[in-house]
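>>> whatever this is, show me its structure:
(2 chains)
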Amino acid sequence: MIPITKTPKCYVGGSFIRSESGRVYEMRGSSGEFLANIPLCSRKDLRNAVEAAAKGGAGWAKRTPYNRAQILYRIAEMIESRAAEMSAWVPGKEVRATIDRIVHFAGWADKYEQVLGSVNPVASPHFNFTVTEPMGIVGILAPEDNPLLALMTLILPAITSGNSVVALASKNAPYPAILLGEMLAVSDLPGGVINLLTGDRAEILPTFATHEHIRALAGIATREEAVALQQGASESVKRVKLLAPDTDWYSARFESPYGIRDFVEAKTVWHPVGS
Amino acid sequence: MPAKKSPAPKSRTKVRELLFGDLWEYDPAPESAPAHIDARYGLFIGGKSVAPKSKNYFDSISPRDGKKLSEIPFAGKADVDAAFAAAKKAFPAWSKLPGKERGKYLFRIARLLQDRSREFAVAETLDGGKPIKESRDFDLPMAAAHFFYHAGWADKLAFVAPGRTLEPLGVVGQIIPWNFPLLMMAWKIAPALATGNTVVIKPAETTSITALKFASILQDAGLPPGVVNIVTGAGETGAAIVNHPGAAKIAFTGSTEVGKIIQRALAGSGKRLALELGGKAANIVFEDAPIDQAVEGIINGIFFNQGHVCCAGSRLLVQESVADAVIARLKRRMQVLRTGDPLDKNTDIGAINSAEQLAKIRELVASGVEEGAELHQPACKLPKTGFYFPPSLFTKVTQSHRVAREEIFGPVLSILTFRTPEEAVEKANNTPYGLSAGVWTDKGSLILKMASELKAGVVWANTYNKFDPSSPFGGYKQSGFGREGGKHGLLDYARLA
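Numbering: from 1, shown residues only, chains lettered A, B, ... in the order given. Sure, this is the predicted structure:
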């Protein structure tokens, strides 16, 4: 029997899309055999994904923290149930670590506020408190290595607080991101919260840097890329949090609320206390 | 049968407005405490006042009367290098000093500043033009409070971030604006020192005097040499700080325009950055608001410090049903504001900080008139010398007018109206800025709805322009990033280990 091969598509706005440009690049196996055509997403695809993120994101931020927690946990359930399939593309260890990390952040969704927020003892008759709010849309530039764990480690702190993300996956190992999209689609995560693109970093990077509706950037960058990203980001005073290419993605340091802090705004509210 | 009620007798005479300002003149009430301003200052590097290697000085004039106050050193690149060298040398010992001991220096600074509070208030008013009642009752007490608050943190850093310890970053370069010279210095220096960093700080070109006077307090407090270094000058000096390889972090408060230049300049450098930039805050008044209190809040929101406030409530959004009443009361209230000599204790609105800023305000106000907004200014006599601008408001403003979009940084209020809370949110958030906002209503649930939907780092509900060392301050969007104050501010001066 001839097997039915799957057409890899990107997960954007809750739908599976090809690049609007109609372009693909070939993915080949270790012995050079043809595996599939992967969408070579364009700058226009990124702009479309940002629009999808804006539409999906507003509702996600308004969900209760408990609800976000359960949906994040559901993502872990969906990956777990297809862990064997995912393990064909990344080491089993990486799949396990990714699932654990998702569960870790699922737990943070209704807790980080009590670590990051505060009630402030001001020297006047006012009730004053600081809460956090998601920034909006976060752009993610995943590294070439650890295509599943690194991608999710960059995405999780952003979406836990209610941001939505537009992520560019590993170019040489795009398939885990393709599979991840299929798992997200059945996870109760609203469409548009996580948007996954595949393609060429150098081509899309300038748009990540300058797109005004992307309020923050996270990811891996070489020095040259960091300069380009920061310079572009300065046009709209965008927040940029870059990690070095030699990052250890398995490190327990990623499991803390301080990663969430990088992609929230602190809002302080004052109100007089009656006498 | 109930007796017919006769209608209440109507008063035949109209109630007269009690506007005394036109009837007789207030006697002048100048603050007479001496400011002790030196004829010429040095840079403060390595614990000593030193002459600039550049050999250049510039005049600091008082915006109150345009007269020269002092000569300020112009720090060149070599001077900035020397300041960074001193800060680098001081860093190992300062950062290793037990928090308890570091804190003691900060407590001392707070107390010494309180001791000399009046002298500094007068100097601040002379140099910057703000009313003496504000420098005396706000800037100075608040500056001292910032040192006192952060002093207490120095030995408690292990409790700021659960699961992590805070480590200092190194030498921090700080650049501050001219609107609250000493207070901004306190906001920058206190948390940096509490977390174990050393500092190179540059005050604004037009307001260097209290910073250089502050050096004497650091000496009196016995602060180890090089922990704080103060370099004065202009944009060139600031650029030397930003681009200095010895800076682990740059903290900047100022315009969004310059903030973007700094962010761009730091690209790829690995230096940390905190930006506290401009704003165009909406102050939103609903029909059920306590109108008299709201009017006081609007007045304070825009005319505090001549409107030279990044979080000034410069866009009044008033619900249509009460717009006429609010505008009428605002105009009446503006009539009794006293604009004039900032050294006079009765002055509400002092001098505009510089001729350059005055020109900018005039230009933007002219654009408002040009674009069709209606300008209202109360009749008031302005001093003949110095830089002054009367309190002003614009009605018939649309969202596209420059006076509704650009930061004026002067005593100019733009008034727009709205019908529903959704429209108010839409209009309030329709700006690249996101520093602050005000909401006035008696309805608690509406306050919380507005507070959560306004994209602003600080929301004042039924109050405005309140500040506290424990209260994080900073903006969303193009108003910058990072927070100052509270544990949030400390975290921005530390590495989490």
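>>> all strands of the stretch 151-300 of chain B, in order?
Under the criterion DSSP state E, counting those that start in this stretch, the stretch 151-300 of chain B contains strands at B:166-168, B:171-175, B:198-202, B:228-230, B:249-253, B:272-276, B:282-285.
>>> most centrally placed residue in chain A?
A:I155 (2.7 Å; Cα atoms, centre = their mean).
>>> what about the host helix or strand of it, distance to the chain center?
In this structure, A:I155 is located in helix A:149-160 according to DSSP states H and E. Centre-to-centre, helix A:149-160 and its host chain are 5 Å apart (Cα atoms, centre = their mean, to the nearest Å).
>>> just confirm yes or no for that helix near chain B.
No: using Cβ under 8 Å from any Cβ of the partner chain, we find that helix A:149-160 stays clear of chain B, coming within 13.7 Å at best. C-beta here means a position set from N, CA and C on the backbone, and glycine is covered the same way.
>>> so what's the residue nearest to the centre of chain A up against?
A:140, A:165, A:167, A:194 (Cβ atoms under 8 Å, 6 or more residues apart in numbering or on different chains).
>>> next: B:P63.
Here B:P63 is in contact with B:128-129, B:206, B:351-355, B:386-387 (criterion: Cβ under 8 Å, 6+ apart).
>>> at 6 Å what do you get?
For B:P63, the contact set (Cβ atoms under 6 Å, 6 or more residues apart in numbering or on different chains) comprises B:129, B:351, B:353, B:386-387.
>>> nearest to B:K77 among the contacts of A:I155?
A:I140 (39.1 Å; Cβ to Cβ).
>>> what bridges to that closest one?
Counting by DSSP bridges, A:I140 forms beta bridges with A:A167, A:A218.
>>> quick one: neighbours of it, just the number.
By other Cβ atoms under 10 Å in any protein chain shown, 25 other residues sit near A:I140.
>>> let me have the contacts of A:I155 in a markdown table, adding pLDDT as columns.
Shown next, in a markdown table, are the contacts of A:I155 (pLDDT from 0 to 100):
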| residue | pLDDT |
| --- | --- |
| A:I140 | 98 |
| A:V165 | 98 |
| A:A167 | 98 |
| A:I194 | 98 |
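>>> let me know the pLDDT of B:N305.
Per-residue confidence at B:N305 stands at 97 (pLDDT).
>>> shouldn't it be in contact with B:P131?
No: with contacts counted by Cβ atoms under 6 Å, B:N305 stays clear of B:P131, the gap being 8.1 Å.
>>> those two: which has the busier surroundings?
Taking other Cβ under 10 Å, B:N305 and B:P131 do not tie; B:P131 has more neighbours (28 against 23).
>>> residues of chain A that sit close to chain B?
A:120-123, A:128, A:130, A:223, A:226-227, A:230-231, A:234, A:237, A:239, A:258, A:265-266, A:268-272 (Cβ under 6 Å from any Cβ of the partner chain).
>>> buried among those residues? Make that a PyMOL selection.
The buried residues among the residues of chain A next to chain B can be selected in PyMOL (16 or more other Cβ atoms under 10 Å in any protein chain shown) with this line:
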select buried, chain A and resi 120+122+128+130+226+227+230+231+234+237+239+258+265+266+268+269+270+271
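>>> do you know how far the residue nearest to the centre of chain A is from A:A167?
Counting by Cβ to Cβ, to the nearest Å, the gap from A:I155 to A:A167 is 6 Å.
>>> again, but for B:P177
38 Å.
>>> and B:L490, by the same measure?
32 Å.
>>> next: B:L364.
42 Å.
>>> between those two, who's got more neighbours?
Between B:L364 and A:A167, counted using other Cβ under 10 Å, A:A167 has the larger neighbour count: 26 against 19.
>>> which single one of the contacts of A:I155 is nearest to B:K202?
A:I140 (36.1 Å).
>>> pretty sure the closest one contacts A:L154?
Yes: applying Cβ under 6 Å, one finds A:I140 in contact with A:L154, separated by 4.8 Å.
>>> find residues that contact each of these two.
A:218-219.
>>> now for A:I155 and A:A167: what residues contact both?
A:I140.
>>> wait, A:D110 sits on A:A69?
Yes: counting by Cβ under 6 Å, A:D110 touches A:A69, with 5.3 Å between them.
>>> who has more neighbours out of the two?
A:A69 (19 against 16).
>>> A:G274: how many residues sit nearby?
Neighbours around A:G274, by other Cβ under 10 Å: 5.
>>> residues contacting it?
So A:G274 contacts nothing (Cβ under 6 Å, 6+ apart).
>>> for the stretch 251-400 of chain B, give me the ranges with low pLDDT.
Scanning the stretch 251-400 of chain B for pLDDT under 70 picks out no residues.
>>> ugh, typo on my part, it should be the stretch 1-150 of chain B
Using pLDDT under 70, the stretch 1-150 of chain B drops low at B:1-23.
>>> of all residues in it, which one is closest to chain A?
B:A145 (6.8 Å; Cβ to the nearest Cβ).
>>> that residue reaches B:S471, doesn't it?
No: at 11.1 Å, B:A145 does not count as touching B:S471 under the criterion of Cβ under 6 Å.
>>> between those two, which has more neighbouring residues?
B:S471 (27 against 21).
>>> out of the strands of the stretch 151-300 of chain B, which is closest to chain A?
Once those are compared by Cβ to the nearest Cβ, strand B:272-276 is nearest, at 6.6 Å.
>>> list the contacts of the closest one.
Against strand B:272-276 from outside (Cβ under 6 Å, 6+ apart): B:249-253, B:259, B:266, B:474, B:480-482, B:492.
>>> buried sites along the top helix by length along chain B?
Counting by DSSP state H, the longest helix found in chain B is helix B:77-96. Residues of helix B:77-96 classed as buried by neighbour count (16+ other Cβ under 10 Å): B:77, B:79-80, B:82-87, B:89-91, B:94-95.
>>> tell me where chain A has strands.
Shown for chain A, the strands assigned by DSSP state E span residues A:10-12, A:15-17, A:24-28, A:34-39, A:118-119, A:126-134, A:137-141, A:164-168, A:194-197, A:214-220, A:239-243, A:264-272.
>>> which neighbours in the sheet does the fifth one have, and how are they oriented?
Strands that pair with strand A:118-119, judged by DSSP bridges, come out as strand A:126-134 (antiparallel).
>>> how about the third one?
In its sheet, strand A:24-28 lies beside strand A:34-39 (antiparallel), with partners assigned from DSSP bridges.
>>> and the strand it pairs with, average pLDDT?
96.
>>> near chain A, which residues of chain B?
B:260, B:263-264, B:267-268, B:451, B:458-463, B:466, B:468, B:470-472, B:476, B:478, B:481, B:483, B:486, B:488, B:496.
>>> out of those, which are buried?
Counted by 16+ other Cβ under 10 Å, the residues of chain B next to chain A give B:260, B:263, B:267-268, B:451, B:458-463, B:466, B:468, B:470-472, B:476, B:478, B:481, B:483, B:486, B:488 as buried.
>>> what about those residues, which are in helices?
B:260, B:263, B:451, B:486, B:488.
>>> and which of those residues is nearest B:D139?
Using Cβ to Cβ, these come closest to B:D139 at B:G486, 19.8 Å.
>>> of the contacts of B:P63, buried ones?
Among these, the ones that count as buried by 16+ other Cβ under 10 Å are B:129, B:351, B:353, B:386-387.
>>> select, from these, the two members most distant in space.
Longest span within those, Cβ to Cβ: B:N353 and B:G386, 10.9 Å.
>>> tilt between the strand or helix carrying B:G438 and strand A:264-272?
Using DSSP H and E, B:G438 sits within strand B:436-440. For strand B:436-440 against strand A:264-272, the angle by axes from the mean of the first three to the mean of the last three Cα atoms, to 10 degrees is 40 degrees.
>>> what's opposite B:L275 in the beta bridge?
On the basis of DSSP bridges, B:L275 is bridged to B:F252, B:F481.
>>> and it, how many neighbours?
24.
>>> check B:E71 too.
14.
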